[in-house]
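In: Quick one: sequence and predicted model below, then my questions.
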Amino acid sequence: MNKNQTQQALYLDFDRERWAQLRNSVPLTLSEAELNRLRGINERISLSEVTDIYLPLSRLLNLIVGSRQQRGVVLNQFLGNRQSDSPYIISIAGSVAVGKSTTARILQALLKQWPEHPKVDLVTTDGFLYPLPELKRRGLMQRKGFPESYDTKMLIDFMSAVKSGEDEVEAPLYSHIIYDRLADETQTVRRPDILILEGLNVLQTGLDSPVDIRRPFVSDFVDFSIYVDADESLLKQWYIERFLQFRSGAFADENSYFRHYSSLNDSQARETASQIWDGINGPNLRMNIQPTRERAHLILRKGADHLMDRVLLRK
């Protein structure tokens with residue numbers, strides 16, 4: 001069964017117009033100024049994208065979370081337990097440069113507007129990458145972002161604590177400037193109604209291991225999963241465009257790990273970015289990220305203009 005046949009069997013397929021109709025008069029709560037603060041580098045997202053794509057998704061998730069919450073109330077009444085403080089966990093996966101972070105920030109902003117779940121936290125798995133000295137010790141500097149470059153135990157311990165409803169759970173923070181985990185800063189998660197977890201490999205399961213690994217995976221803790229998708233040719237193009245913009249932004253910072261890239265001319269920068277994609281990001285996409293796509297509950301498909309043109313919802 002090829003990719004299209006698999007998707008037809010597993011998913012309801014919506015074009016942009018049909019999906020937008022499912023908004024059902026949900027009001028737009030984001031202003032252009034707020035959207036600008038949420039938009040990522042090289043993202044051309046507009047308020048119409050929020051209206052057509054994210055508002056229907058926000059409505060769907062609100063209904064799903066509400067149903068889960070009501071089921072929990074009924075179950076706790078039956079068992080005589082106190083109300084559970086376990087958050088609803090949404091994961092967002094996809095390639096480097098596809099716009100996962102922007103998707104996560106917009107969803108967080110919209111979901112917080114619903115009165116049923118006003119506390120929505122966002123955590124990225126970047127903070128769970130091994131620190132640079134450990135990556136170097138393990139020989140993983142050229143495989144950063146691959147599954148083996150993450151401190152899986154730390155990430156699973158974090159997910160388990162959050163899902164258990166602990167009062168406060170610390171998540172490590174990552175700096176794209178220094179290209180490393182921050183040693184002295186953490187993010188405190190305090191019993192959110194919803195936790196959004198964004199990262200490259202959050203859909204991985206034991207099926208992805210060449211040997212039988214009897215341990216939990218991040219996906220075991222996730223209630224609803226989203227995969228942001230695009231053709232690899234577009235992803236590589238967007239990665240190169242983002243790299244070019246970083247030369248006068250993050251790369252130019254005096255503390256930047258990549259400061260040596262800031263002096264590259266356009267031709268040199270394009271060649272360098274292309275080599276990084278071909279050597280690291282492309283292989284990681286094909287080997288580890290893309291094969292998990294059909295596990296997602298929802299796939300957001302992007303076209304050449306960065307806009308979503310299809311939405312696939314698991315049946």
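Out: Noted; the coordinates are in hand. Because the structure is predicted, anything quoted here is derived from the model rather than measured. Numbers count the residues shown, from 1 in each chain.
In: Could you confirm residue 113 falls within a helix?
Out: No: using DSSP: H, G, I helix; E, B strand; the rest coil, the assignment for residue 113 is coil, not a helix.
In: residues of the longest strand along the chain that come out buried?
Out: In the chain, assigned by DSSP state E, the strand with the most residues is strand 180-189. By 16 or more other C-beta atoms under 10 Å, the buried positions in strand 180-189 come out as 180-181, 189. For glycine as for every other residue, the C-beta is placed from the backbone atoms N, C-alpha and C.
In: Quick one: mean pLDDT for it?
Out: What strand 180-189 shows for mean pLDDT is 96.
In: Each with direction, which strands does the next helix-or-strand element following it pair with?
Out: The helix or strand immediately downstream of strand 180-189 is strand 194-198, counting by DSSP states H and E. Paired with strand 194-198 in the same sheet, following DSSP bridges, are strand 88-94 (parallel), strand 120-124 (parallel).
In: the helices in this structure, which residues?
Out: 3-10, 16-20, 32-38, 47-49, 55-79, 100-111, 132-137, 152-163, 232-246, 266-276, 282-284 (DSSP state H).
In: Of all the ones you listed, which one comes closest to residue 295?
Out: helix 3-10 (9.6 Å; C-beta to C-beta).
In: Show me the contact partners of that closest one.
Out: 1, 13, 294, 299, 312, 314-315 (C-beta atoms under 8 Å, 6 or more residues apart in numbering).
In: now it: how far from the chain's centre is it?
Out: Here helix 3-10 is found 23 Å from its chain centre; the criterion is C-alpha atoms, centre = their mean, to the nearest Å.
In: Just the CA atoms of stretch 122-137, as PDB, please.
Out: Output in PDB follows, covering the C-alpha atoms of stretch 122-137 (Å, rounded to 0.1, in the frame of the first residue of the first chain):
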ATOM      1  CA  LEU A 122       4.100  24.800  25.600                       C
ATOM      2  CA  VAL A 123       7.300  22.800  25.900                       C
ATOM      3  CA  THR A 124       9.800  22.000  23.100                       C
ATOM      4  CA  THR A 125      11.900  18.900  23.100                       C
ATOM      5  CA  ASP A 126      15.000  20.900  22.100                       C
ATOM      6  CA  GLY A 127      15.800  21.300  25.800                       C
ATOM      7  CA  PHE A 128      16.100  17.600  26.200                       C
ATOM      8  CA  LEU A 129      18.900  17.300  23.700                       C
ATOM      9  CA  TYR A 130      22.100  16.200  25.400                       C
ATOM     10  CA  PRO A 131      24.500  19.100  26.200                       C
ATOM     11  CA  LEU A 132      27.200  19.800  23.700                       C
ATOM     12  CA  PRO A 133      30.000  18.200  25.700                       C
ATOM     13  CA  GLU A 134      28.000  15.000  26.000                       C
ATOM     14  CA  LEU A 135      27.100  15.000  22.300                       C
ATOM     15  CA  LYS A 136      30.800  15.400  21.500                       C
ATOM     16  CA  ARG A 137      31.700  12.600  23.900                       C
END
